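Trainee: quick one: sequence plus predicted model below, questions after.
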Amino acid sequence: MQGPAVVLRCLDAKSPVLREIRAGLEEEGVPLVVEEVSEGDALVLGYAAARLSSLDVGIGVADEVCVHHAKRPAGSPALTGPLSRARVLGHNAARMVVGIPLK
């Protein structure tokens, strides 16, 4: 993995939801690395992504969006929400990294 970045794990790297999440992160100046995997729900994907991220923040996308922090328990994500809130969840993932209040 190159440089510090939030890791996003998803089942479909071509999903339009990823564009919204990426936009939310970019608006806060935080880079994103996307990894497509073959299985898992948003919670499992988010926790695994957080553990892989050098910034300790990961995002899982499946039937919903799950923002996780590596220091939280596996079953206790920082944020979850519907796919329709992807951009706001991207913003908030970036804000967790930067250390400013969530939207």
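Mentor: Received, thanks.
Trainee: where does the prediction get shaky in this structure?
Mentor: Residues of the chain meeting the criterion pLDDT under 70: 1-2.
Trainee: who's in contact with the most centrally placed residue in it?
Mentor: Among the residues of the chain, the one closest to the centroid is residue 59, at 1.9 Å (Cα atoms, centre = their mean). Residue 59 makes contact with 6-9, 21, 45-46, 49, 65-68, 89-90, 93, according to Cβ atoms under 8 Å, 6 or more residues apart in numbering. Where C-beta positions appear, they are placed from N, C-alpha and C, glycine not excepted.
Trainee: which strand or helix spans it?
Mentor: Following DSSP states H and E, one finds residue 59 within strand 57-61.
Trainee: report all helices and strands that whatever helix or strand comes next after that strand contacts.
Mentor: Sequence-wise, the next helix or strand downstream of strand 57-61 (DSSP H and E) is strand 65-69. With contacts taken as 3 or more Cβ pairs under 8 Å, 6 or more residues apart in numbering; DSSP states H and E, strand 65-69 sits against helix 42-52, strand 57-61, strand 79-81, helix 86-98.
Trainee: tilt between the second one and helix 42-52?
Mentor: Yep, that's strand 57-61 we're talking about. Angle, strand 57-61 to helix 42-52, by axes from the mean of the first three to the mean of the last three Cα atoms, to 10 degrees: 150 degrees.
Trainee: closest one to residue 33 among the helices and strands packed on strand 65-69?
Mentor: Closest approach to residue 33 among those is made by helix 42-52 (8.5 Å; Cβ to Cβ).
Trainee: C-alpha coordinates for that closest one, PDB please?
Mentor: Extracted C-alpha coordinates of helix 42-52, given in PDB (Å, rounded to 0.1, in the frame of the first residue of the first chain):
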ATOM      1  CA  ALA A  42     -20.300  -4.200   5.500                       C
ATOM      2  CA  LEU A  43     -19.300  -4.600   9.100                       C
ATOM      3  CA  VAL A  44     -16.800  -7.400   8.400                       C
ATOM      4  CA  LEU A  45     -15.400  -5.500   5.400                       C
ATOM      5  CA  GLY A  46     -15.100  -2.200   7.400                       C
ATOM      6  CA  TYR A  47     -13.300  -3.800  10.300                       C
ATOM      7  CA  ALA A  48     -10.800  -5.600   8.000                       C
ATOM      8  CA  ALA A  49     -10.300  -2.400   6.100                       C
ATOM      9  CA  ALA A  50      -9.600  -0.400   9.300                       C
ATOM     10  CA  ARG A  51      -7.000  -3.000  10.400                       C
ATOM     11  CA  LEU A  52      -5.300  -2.700   7.000                       C
END
